[in-house]
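**Student:** sharing a model prediction with you, sequence too.
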Amino acid sequence: MSSRTLNRSDLVVLAGSAIAVVLAGVTRYTHAGAVLPFVVAAVAVALLASLVGRCVDQLGDRFGAGATGVLQSALGNLPELFIGYFALRSGLLDVVRAAVIGSILANILLVLGLAFVVGGVRHGTLEFSSHRARTTTVLLFLATAALVLPSVASYVHTPAEPHERQLSLIVSVVLLVLFVLSLPASLRRGHGGSTPASATATDGAPAASVGAGSTEAEPTEAARWPVWLAVGLLAASGVLAALVSDWFVYALQPAIGALHMSQAFAGLIVVAIAGNAVENFVGIQLAARGQADYAVSVIVNSPLQIALVLAPVLVLLSLTTATALTLVFAPMLVIAVVVSVLAVSLIVYDGESNWLEGATLIALYMIIATVFWWG
Amino acid sequence: MSSRTLNRSDLVVLAGSAIAVVLAGVTRYTHAGAVLPFVVAAVAVALLASLVGRCVDQLGDRFGAGATGVLQSALGNLPELFIGYFALRSGLLDVVRAAVIGSILANILLVLGLAFVVGGVRHGTLEFSSHRARTTTVLLFLATAALVLPSVASYVHTPAEPHERQLSLIVSVVLLVLFVLSLPASLRRGHGGSTPASATATDGAPAASVGAGSTEAEPTEAARWPVWLAVGLLAASGVLAALVSDWFVYALQPAIGALHMSQAFAGLIVVAIAGNAVENFVGIQLAARGQADYAVSVIVNSPLQIALVLAPVLVLLSLTTATALTLVFAPMLVIAVVVSVLAVSLIVYDGESNWLEGATLIALYMIIATVFWWG
Amino acid sequence: MSSRTLNRSDLVVLAGSAIAVVLAGVTRYTHAGAVLPFVVAAVAVALLASLVGRCVDQLGDRFGAGATGVLQSALGNLPELFIGYFALRSGLLDVVRAAVIGSILANILLVLGLAFVVGGVRHGTLEFSSHRARTTTVLLFLATAALVLPSVASYVHTPAEPHERQLSLIVSVVLLVLFVLSLPASLRRGHGGSTPASATATDGAPAASVGAGSTEAEPTEAARWPVWLAVGLLAASGVLAALVSDWFVYALQPAIGALHMSQAFAGLIVVAIAGNAVENFVGIQLAARGQADYAVSVIVNSPLQIALVLAPVLVLLSLTTATALTLVFAPMLVIAVVVSVLAVSLIVYDGESNWLEGATLIALYMIIATVFWWG
């Protein structure tokens, strides 16, 4: 592994992942208390999520932007999927539901807010005028609306209430069909030959901003990995992510008890940040470099994938577990996500942002976290 | 009637209407089961709605775009009005309320979604940049907000709750006053002399997008009908629409029972599509021809007329019937319409659409329909 | 006081204030019935609010637009603050909460609606394309979302419900921190040296539309007051505002009883209009002169100050009174403000308005007032 194929940041993530995984394994099988195994496993999950993203980018780099987008959509939320699955198997339904919503909120409030603060402090007012971000936002609003309709139907006691499981399955299938429909356009987008994904762009091409058409030239500063390296690392980090996710969920319940958290808070904040933070750090980096257009696209695309793929797949996977996951979320989760999606829509449609807007987004995130802290 | 005055599509609608009306009459007064009379009457209503629209366009064509707009606003929802009135007289309150919301949803989710799919598949990304669609959307949001405020006041048990009937009457009068206020500007818009209405544009000039100013040149490919023909056909189709609406409502209850539908589903989906589908087919045609701007204006104007005219008139008409219609809708109806209006606002403000957005709108419509299917 | 320093409109307000204050004092301490003292005090409060605004503008005029903005933010809602504080001390919690929401509604529905009607009738379609109004609107949406989250957490019975007081305090501190963060940028905006504030622009520079960057040249037609005059008048009108606010609150309860108003209606409509109407009359004047961009900025900035400063300060002040003010508003208030903020967002993002949109905003205000009339 010469420094020509793996750059410095790659090596840091790789080494960090290795160390964190080993530590997570050690704390898992020794008497390390209730909190330490959990923290170490969370760090390991976050680093592996970043590593999976880098491998996907490298592979996509070979096959064009379209392929990157499709791979990203399919694999980008792999660690969250593992955590969700193991949590379902452990019957931690409230954690899973809160984590789905929390992953959306972490992206559009915390990550986007940090990107605006960092970008705004460095570059003043950020402008992002491309249609891609708007199109992604429209789809995010529509997918979120579909995602929360079963909840609403349940709250208002429509006659559909006793059918919440069937309704959740139908909505999940519809969302996945929409995702599949978006794939051809995602693939086509890459034909131009330009490769928007770079070694640091772990959440590279906004796959589902389908048909937006405007192909933006992105800088490709990355050193290329050999294919064998990318595939091998992807397989290894995928398997390790599954393993560590299991440990993470195993350590979750004692930690919740020791830290006096509610299940909802653990899912909404802790699991969501572990699964998204490092992975989406790239969005903040892009904003710091002044590439506001690309940063917003990347950050807003991530929650879209969660609504279109992660949530429906977890509902379908729950058919194989003892506890059925439905899309009936706690009302506060639904209100938080609807308000946040509306807020991000206004911001994206404005086409401008400054650090105060970023600070306000982060403030909103903290207030929502506070509400769930009292479990 | 030479082929110079009535074009092919006119003749198809005319012949179809005649046949459907006769069949509807036959099945009405013979033993034709519970479903057949209903289906035939629904088809007849839909075709007559289209015919009324064509007559209005032809008349408006003589007197300018402004006159068309005013006529459209006044007569465009005539068949829905007849159905609503007869359903009120039969005490089918839930059907009427669901049909009002359903007519809005059918336009902004189903018809707009189909327009985007058809237009997107043919022309790629559709652009619609005129201010007219935005202005109509703003008014649609405001009118919808006014329309649902009595419902909300009832849900949250404000002290206004026992006054829901008075509140509904006040809101209805306010909405009608706003409609009347919009008429002068609608009339003025036509002064330029250009005639945006064509023989196929059954829902021609977006009357209430008042003051938007930007007059777009629309192709006028239509053969003109003589005035006597337009007036005569309008009178005939109006009278027949009243007659067939009566049969339709008469057949509705047995059909609901036979098909195991809920009243809400029948109103929201079946009545709404019968009253709007064929009539608003023109929006889809315009999108197919790549006239995205005009298509969006036409499609978004229709639900505005429903909120500003149809709903208030039905409330006032119900003063003459045994059952009082209030504007207190079932919560799920209110949430569905608010979410849908917000979605269409984001789409119109984006100024761009593709077939995937269209597919997502249709998916949302199907999910809402599913929720109401479990009656 | 020559007419060179105080122009005619200044003199009218000054004389009016003096007369109204004297009359308010007389009716306060004589047997003047239940309604007259209230009406006179309301007029006096409104005129003093206008006078405070004029003094602030004059002072800001000396120190640049930034200073005006900061002074405005700090002092602009002074009379509302006094009324709120005295109402809190009298235990009129429902009045205070309704007045906070009502002040937001009065600005974005009534004042903005009147501005559009007046401007639209005179100038046709109004255009306001600057980014400043959009940025203010985004912040208004975010601040409103934060403001209503404690209410929502209470309605849906999250485990945070019993902590509503702590949650309200946290949200208040967060909002005030955001306000403080916005001050440096507000100050910086003035560096260009241009003075957007004029003698009539009582709510001059939109302080919190921070970082929006686009500095618009505003006409400065005003005669300058000497500093001693501005400071002296500010001190005097501030002290008198405190005094008259006390009388106003003292007269409020008998008037509520005599006029058969609910506490909510008194706060939402009467107190809100007394505290905002005259003060924000300038927005309507600007629209009448065709300065739509500036008018919209001024009008939308006012509710932002209410959410960022007035509401949190009242919550903190209530720590010193017997009754604790929390941010748990009645559901109808929350729904009204959320719908209104969304409506104004759509309008501002459209960048165009006409008198029909203005009429619709006013209609929405009247419907909301009607709902609260039945107390």
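**Tutor:** Right, received. Where do you want to start?

**Student:** can you list the residues of the stretch 51-200 of chain A near chain B?
**Tutor:** A:131, A:134-135, A:137-139, A:141-143, A:145-146, A:149-150, A:152-153, A:156, A:158-160, A:162-163, A:167, A:170-171, A:174-175, A:177-178, A:181-182, A:185 (Cβ under 8 Å from any Cβ of the partner chain). Quick note: C-beta positions are derived from backbone N, CA and C, even for glycine.

**Student:** drop anything exposed from the residues you listed.
**Tutor:** Buried members of these, scored by 16 or more other Cβ atoms under 10 Å in any protein chain shown, are A:131, A:134-135, A:137-139, A:141-143, A:145-146, A:149-150, A:152-153, A:156, A:158-160, A:163, A:167, A:170-171, A:174-175, A:178, A:182, A:185.

**Student:** does A:Ala106 touch A:Ala272 like I think?
**Tutor:** Yes. Using Cβ atoms under 8 Å, A:Ala106 is in contact with A:Ala272, at 4.4 Å.

**Student:** now A:Pro331. Nearest residue, chain neighbours left out?
**Tutor:** C:Val156 (3.9 Å; Cβ to Cβ, 6 or more residues apart in numbering or on different chains).

**Student:** before we move on, what about A:Leu361?
**Tutor:** Spatial nearest neighbour of A:Leu361, excluding adjacent residues (Cβ to Cβ, 6+ apart): A:Gly113 at 3.3 Å.

**Student:** hang on, the earlier thing: so what's the residue nearest to A:Pro331 up against?
**Tutor:** A:330-332, A:335 (Cβ atoms under 8 Å, 6 or more residues apart in numbering or on different chains).

**Student:** and it, what are its phi and psi?
**Tutor:** Backbone torsions for C:Val156, taken as degrees, to the nearest 10, come to phi -90, psi 10.

**Student:** now intersect the buried ones among the residues of the stretch 51-200 of chain A next to chain B with the helices, please.
**Tutor:** A:131, A:134-135, A:137-139, A:141-143, A:145-146, A:149-150, A:152-153, A:167, A:170-171, A:174-175, A:178, A:182, A:185 (DSSP state H).

**Student:** mind listing the strands for chain A?
**Tutor:** For chain A, the strands defined by DSSP state E cover A:126-127, A:352-353.

**Student:** single out the most deeply packed of the ones you listed.
**Tutor:** Highest mean neighbour count of these: strand A:352-353, a mean of 24 (counted as mean count of other Cβ atoms under 10 Å in any protein chain shown).

**Student:** quick one: it to chain centroid distance?
**Tutor:** 23 Å (Cα atoms, centre = their mean, to the nearest Å).

**Student:** and that strand, anywhere near chain C?
**Tutor:** Yes. Strand A:352-353 is in contact with chain C by Cβ under 8 Å from any Cβ, via A:Glu352.

**Student:** run through the neighbouring helices and strands of that strand.
**Tutor:** Judged by 3 or more Cβ pairs under 8 Å, 6 or more residues apart in numbering or on different chains; DSSP states H and E, the packing partners of strand A:352-353 are helix A:112-123, strand A:126-127, helix C:131-155.

**Student:** what comes up buried for the first one?
**Tutor:** For helix A:112-123, the buried set under the neighbour-count rule, 16+ other Cβ under 10 Å, comprises A:112-120, A:123.

**Student:** for the residue nearest to A:Leu361, what are its contacts?
**Tutor:** By Cβ under 8 Å, 6+ apart, the residues touching A:Gly113 are A:358-362, A:365.

**Student:** next, format the residues you listed as JSON lines and append pLDDT, neighbour count and distance to A:Phe265.
**Tutor:** Formatted as JSON lines, those follow (pLDDT from 0 to 100; neighbours: other Cβ atoms under 10 Å in any protein chain shown; distance: Cβ to Cβ, whole Å):
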{"residue": "A:Gly358", "pLDDT": "93", "neighbour count": "24", "distance to A:Phe265": "24"}
{"residue": "A:Ala359", "pLDDT": "94", "neighbour count": "21", "distance to A:Phe265": "23"}
{"residue": "A:Thr360", "pLDDT": "94", "neighbour count": "28", "distance to A:Phe265": "22"}
{"residue": "A:Leu361", "pLDDT": "95", "neighbour count": "27", "distance to A:Phe265": "19"}
{"residue": "A:Ile362", "pLDDT": "95", "neighbour count": "20", "distance to A:Phe265": "17"}
{"residue": "A:Tyr365", "pLDDT": "95", "neighbour count": "22", "distance to A:Phe265": "13"}
